[in-house]
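Enquirer: Fold the following, please.
(chains A, B, C and D)
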Protein chains: 2
Amino acid sequence: MDSEALLWGEVSTPRRGPKPLLNRGRIVRAGIDIADADGLDALSMQRVAGRLGAATMSLYRHVPGKAELVALMLDAAIGQPPRLSGDTGWRTALADWARGNRDVFVGHPWTLPLVTGARTMGPNELAWTEAALRVASGTGLPTAALLDVLLLLNGYVRGAAVGLAGGPTVPGPETLLRFGLLDRYPVLAGVLDRAGTPQGPVSQDARFEFGLARVLDGIGMYVRAHG
Amino acid sequence: MDSEALLWGEVSTPRRGPKPLLNRGRIVRAGIDIADADGLDALSMQRVAGRLGAATMSLYRHVPGKAELVALMLDAAIGQPPRLSGDTGWRTALADWARGNRDVFVGHPWTLPLVTGARTMGPNELAWTEAALRVASGTGLPTAALLDVLLLLNGYVRGAAVGLAGGPTVPGPETLLRFGLLDRYPVLAGVLDRAGTPQGPVSQDARFEFGLARVLDGIGMYVRAHG
DNA sequence: CGATACTGCGTATTAGGTACGCAGCGAGCA
DNA sequence: TGCTCGCTGCGTACCTAATACGCAGTATCG
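Expert: Predicted coordinates:
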């Protein structure tokens, strides 16, 4: 069973034999709990099994392997998209979609590296896509442009979520001083001097909203010109 | 030696003993070659050593471990930022920066999952940041807003690069039909019907430019209002 | 009341990261 | 000139983790 069939296929319930102690849902949830708590590196089949009180090899009755388990975890963690009212206009709805999407990534930071690779979208991820396209179609833009808008918004949310979820960090002050980095990176030095480190938790939410507003402004300009 | 000291520290050349056959640079380059060719999963210490004609354990004389090797590979793959002329205006320069940044990710797709995690920026990545901030300061925006602009642009580029580098794919037509997905995702079905799959290689570059133009439009609106 | 389709899981194999220590080398010094 | 000691390369060994395979027990169906 390839990953696509796995994500989209039904889970068959057996008619004979002992009642299953494990099932795909429990395994996936246990995996998500581990990844949420300790990151993707801490996810091992042994640890998932241990958390469920089962033997490692028992998992293989329900998921073909670790890669497929991770794919299932990803779609489950993404979850259902929020219900977006069509009455408030496309801008408000797209903003809500973006915030909901961001919350998924911030709540499950281990999903971020996973969504960068080649893969088939699962049911939930596709539902998010559907929701965004439905809202974006309210702009009146031609169908082909809707995918452009989607890549733009989706791209921004994911990229920004990296920053929110504790991505890159400027070297510590001692390193900056020791290697004379303030001289090599003068503009950055000036910005840091005034604004503190760029990942101050307080300002990051405002920073996301700033970028989101600019993105929606840019879309709005295009809509007015081509809608 | 932690990862930060590793990235920023000097490479010491020995004064005594045999001439080193290996050095950090060769190891890092070999690792990049492997990752470029076969992806990050294919990177193993044995394979790096094999490509260099050395024994596995010899690598550990020059890099503390695999994690640190990957960190070094990341900064080396990012490379130096392009020279951006200040004469063409901030919009052109920021667009060039974004395209150069995108090219790095598309040329080394294995970097994408790496930049999503918590880490200290290396010299090259910091140089890109410096370059973007320098250009952005040409908008006349207050210093604090420059970081907002950076997160916006950086976020968009990274997120969009995921799509360009072969990220998510809609399930194949047989799956779509088999599970009646065209009924569950009607808007998507309509869009796909007209536009083909969202990752057609021809349109992806235009799609990146579309989003980039919207982002810069949004920044421009803000600059006119607050610059 | 078998036959059979199942589940749980013990065992064993393979791959890969890395700690440790030894053998040889060669620049600097006596 | 020859010793010394800071080095490099790397063989060996150990540990973690994924997973193929097959057996033993179980519950349903004929």
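
Enquirer: Strands along chain A, start to end?
Expert: A:119-120, A:168-169 (DSSP state E).

Enquirer: which of those sits most buried?
Expert: Compared across the strands of chain A, strand A:119-120 shows the largest average neighbour count, a mean of 21 (mean count of other C-beta atoms under 10 Å in any protein chain shown). Glycine gets a C-beta too; all of them are placed from N, C-alpha and C.

Enquirer: does any part of that one sit near chain B?
Expert: Yes: against chain B, strand A:119-120 shows contacts by C-beta under 8 Å from any C-beta of the partner chain at A:119-120.

Enquirer: Show me what that strand is packed up against.
Expert: helix A:3-8, strand B:168-169 (3 or more C-beta pairs under 8 Å, 6 or more residues apart in numbering or on different chains; DSSP states H and E).

Enquirer: Tell me how many other residues crowd residue A:174.
Expert: 10 (other C-beta atoms under 10 Å in any protein chain shown).

Enquirer: For DNA strand C, see how far away it is.
Expert: Plainly put, residue A:174 is 25 Å away from DNA strand C if you go by C-beta to the nearest atom of the strand, to the nearest Å.

Enquirer: go on, residue A:115?
Expert: 23 Å.

Enquirer: Return the residues in contact with that residue.
Expert: A:74, A:158, B:162, B:167-168 (C-beta atoms under 8 Å, 6 or more residues apart in numbering or on different chains).

Enquirer: where's the dip in pLDDT among the residues you listed?
Expert: Lowest in pLDDT among the contacts of residue A:115 is residue B:167, which has 79.

Enquirer: So which residues on chain A come close to DNA strand C?
Expert: Proximity of chain A to DNA strand C is confined to A:14-18, A:20-22, A:54-58, A:60-62 under the rule C-beta under 7 Å from any atom of the strand.

Enquirer: Make a ChimeraX selection of the buried ones in those.
Expert: A single ChimeraX command selects the buried members of the residues of chain A next to DNA strand C (16 or more other C-beta atoms under 10 Å in any protein chain shown):
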select /A:22,54,58,62
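
Enquirer: ok, back up a step: ok, of the strands of chain A, where does mean pLDDT dip lowest?
Expert: Here the lowest mean pLDDT among the strands of chain A goes to strand A:168-169, at a mean of 87.

Enquirer: just how off-centre is that strand within its chain?
Expert: 18 Å (C-alpha atoms, centre = their mean, to the nearest Å).

Enquirer: Mind putting the strands of chain A into JSON lines with distance to residue B:7?
Expert: Shown next, in JSON lines, are these (distance: least, C-beta to C-beta, whole Å):
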{"stretch": "strand A:119-120", "distance to residue B:7": "30"}
{"stretch": "strand A:168-169", "distance to residue B:7": "12"}
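
Enquirer: The ones you listed: which one's closest to residue B:93?
Expert: strand A:168-169 (21.7 Å; C-beta to C-beta).

Enquirer: which helices and strands does that closest one pack with?
Expert: strand B:119-120.

Enquirer: Pairing partners for the strand it packs on, with directions?
Expert: Partner strands and pairing direction for strand B:119-120 (DSSP bridges) are strand A:168-169 (parallel).

Enquirer: Could you list the low-pLDDT ranges of chain A?
Expert: For chain A, the stretches with pLDDT under 70 are A:1-2, A:195-202.

Enquirer: ok, longest helix in it?
Expert: helix A:201-226 (DSSP state H).

Enquirer: Return the distance of it from the chain's centre.
Expert: Counting by C-alpha atoms, centre = their mean, helix A:201-226 comes out at 19 Å from the chain centroid.

Enquirer: other SSEs contacting it?
Expert: Using 3+ C-beta pairs under 8 Å, 6+ apart: helix A:201-226 touches helix A:90-107, helix A:143-164, helix B:143-164, helix B:201-226.

Enquirer: Pull out the buried positions in it.
Expert: Buried-residue list, helix A:201-226, by 16+ other C-beta under 10 Å: A:203-204, A:207-208, A:210-223.

Enquirer: Same question for stretch A:172-188.
Expert: Per 16+ other C-beta under 10 Å, stretch A:172-188 contains these buried residues: A:175-176, A:181, A:185, A:187-188.

Enquirer: contacts for it?
Expert: So stretch A:172-188 is contacted by A:170-171, A:189, B:4-5, B:8, B:120, B:126-127, B:129-130, B:133-134, B:137 (C-beta under 8 Å, 6+ apart).

Enquirer: Show the buried residues in these.
Expert: A:170-171, A:189, B:4, B:8, B:120, B:126-127, B:129-130, B:133-134, B:137.

Enquirer: Save those as TSV, and put in distance to residue B:150 too.
Expert: TSV is the format used below for the buried ones among the contacts of stretch A:172-188 (distance: C-beta to C-beta, whole Å):
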residue	distance to residue B:150
A:170	12
A:171	17
A:189	15
B:4	21
B:8	21
B:120	17
B:126	12
B:127	13
B:129	7
B:130	10
B:133	6
B:134	11
B:137	11
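
Enquirer: from those, which two are the most distant?
Expert: Farthest apart among these - using C-beta to C-beta - are B:4 and B:137, which lie 26.7 Å from each other.

Enquirer: Enumerate every residue touching the spatially most central residue of chain A.
Expert: Nearest to the geometric centre of chain A sits residue A:105, at 3.7 Å (C-alpha atoms, centre = their mean). Contact analysis of residue A:105 by C-beta under 8 Å, 6+ apart lists A:111-112, A:157-158, A:161, A:164-165.

Enquirer: Once you drop chain neighbours, what's closest to it?
Expert: residue A:161 (3.7 Å; C-beta to C-beta, 6 or more residues apart in numbering or on different chains).

Enquirer: Return the distance of that neighbour relative to DNA strand C.
Expert: Residue A:161 is 28 Å from DNA strand C, by C-beta to the nearest atom of the strand.

Enquirer: Give me the neighbour count for that residue.
Expert: By other C-beta under 10 Å, 26 other residues sit near residue A:161.

Enquirer: what residues are up against the closest residue in space to residue A:216 that isn't next to it in sequence?
Expert: Leaving aside its chain neighbours, residue A:216 sits nearest to residue A:91 (5.4 Å; criterion: C-beta to C-beta, 6+ apart). Contacts of residue A:91 were listed using C-beta under 8 Å, 6+ apart, and they are A:216, A:219-220.

Enquirer: If we check DNA strand D, which of the residues you listed are in contact?
Expert: Of the contacts of residue A:91, not one also sits near DNA strand D (C-beta under 7 Å from any atom of the strand).
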